[in-house]
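K.L.:
sequence? don't have it. structure:
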């Protein structure tokens, strides 16, 4: 109808879904009548006595059973819901910790690709990239192991975090998997040897998201 305003919403992350499932299971437990206790008490006592798990762990597993959960959910991108991908928030670091440190420019997807080119392993698939509304960062999809390693090792001059909800994003700045299926990083460093990672602004030259990020074959978007 005229005047109707549609507000886009993001799909819930696996963490949000699991939290909701646990809350629902707890509500179900709270509705169980107390006159059922005699039928389950001895089994509960035997379970507590026969395991090294703490009472909290046993209760948590019981809630998972009530929820019907038999395995942990696979990580998913918040941008595309692709399995086994994680969405990172990368921002220019602010505050006292950033004083005197080089901070890479983060104004476009090109800047993000240039930064990642020195940090991720060879032929790593870089997924969708979107710039934040604040103009100081971006969200980007990476394979789970790569994303977790970047968060663990850190990036000099940048704040890097795994997120469960998307920040406000710029519109019409949509690069990555929706244009040719993502990119792959070609040359440069990229081994995860621990410790904080440094961004090398020169040396390898500019990495253009308009070109294939993989040399010598392999799939990947960012083709001209």
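P.N.:
Received the coordinates, thanks. Keep in mind it's a predicted model, so treat the numbers as computed, not measured. Numbers count the residues shown, from 1 in each chain.
K.L.:
what about the helices in the protein?
P.N.:
For the chain, the helices defined by DSSP state H cover 14-30, 37-49, 55-67, 109-117, 144-153.
K.L.:
other SSEs contacting the first one?
P.N.:
This means helix 14-30. On a contact count with 3 or more CB pairs under 8 Å, 6 or more residues apart in numbering; DSSP states H and E, helix 14-30 meets helix 55-67. For the C-beta atoms, the positions are set from N, CA and C on the backbone; glycine is no exception.
K.L.:
got the angle between the helix it packs on and helix 37-49?
P.N.:
Angle of helix 55-67 versus helix 37-49, following axes from the mean of the first three to the mean of the last three CA atoms, to 10 degrees, is 130 degrees.
K.L.:
and helix 55-67, what does it pack against?
P.N.:
helix 14-30, helix 37-49.
K.L.:
picking that back up, deepest in the core, which of the helices of the chain is it.
P.N.:
Using mean count of other CB atoms under 10 Å, the stretch among the helices of the chain with the greatest mean number of neighbours is helix 109-117 (a mean of 23).
K.L.:
residue 78 is nearest to which of the helices of the chain?
P.N.:
Among these, helix 14-30 comes nearest to residue 78, with 9.9 Å by CB to CB.
K.L.:
coming back round to it: between the helices and strands packed on helix 55-67, which gets nearest to residue 115?
P.N.:
With respect to residue 115, and counting by CB to CB, the nearest of the helices and strands packed on helix 55-67 is helix 14-30 at 26.0 Å.
K.L.:
and the angle from that closest one to helix 55-67?
P.N.:
90 degrees.
K.L.:
which regions of the protein sit below the pLDDT cut-off?
P.N.:
Across the chain, the ranges flagged by pLDDT under 70 are 1-10, 94-104, 172-224.
K.L.:
coming back round to it: just put the helices of the chain in CSV and tack on distance to residue 83.
P.N.:
Listed next are those as CSV, based on distance: least, CB to CB, whole Å:
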stretch, distance to residue 83
helix 14-30, 10
helix 37-49, 34
helix 55-67, 20
helix 109-117, 21
helix 144-153, 9
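K.L.:
list the buried residues for stretch 163-173?
P.N.:
The neighbour-count check on stretch 163-173 (16 or more other CB atoms under 10 Å) flags 166, 169 as buried.
K.L.:
out of the helices and strands packed on helix 55-67, nearest to residue 110?
P.N.:
The nearest among those, by CB to CB, is helix 14-30 at 30.6 Å.
K.L.:
give me the residues contacting that closest one.
P.N.:
With CB atoms under 8 Å, 6 or more residues apart in numbering as the test, helix 14-30 has contacts from 12, 62-64, 66-67, 69, 73-76, 164-165.
K.L.:
stretch 48-59 too?
P.N.:
With CB under 8 Å, 6+ apart as the test, stretch 48-59 has contacts from 47, 61.
K.L.:
what's the end-to-end length of that stretch?
P.N.:
Using CA to CA, to the nearest Å, one end of stretch 48-59 lies 10 Å from the other.
K.L.:
what does stretch 26-37 give?
P.N.:
One end of stretch 26-37 to the other measures 16 Å (CA to CA).
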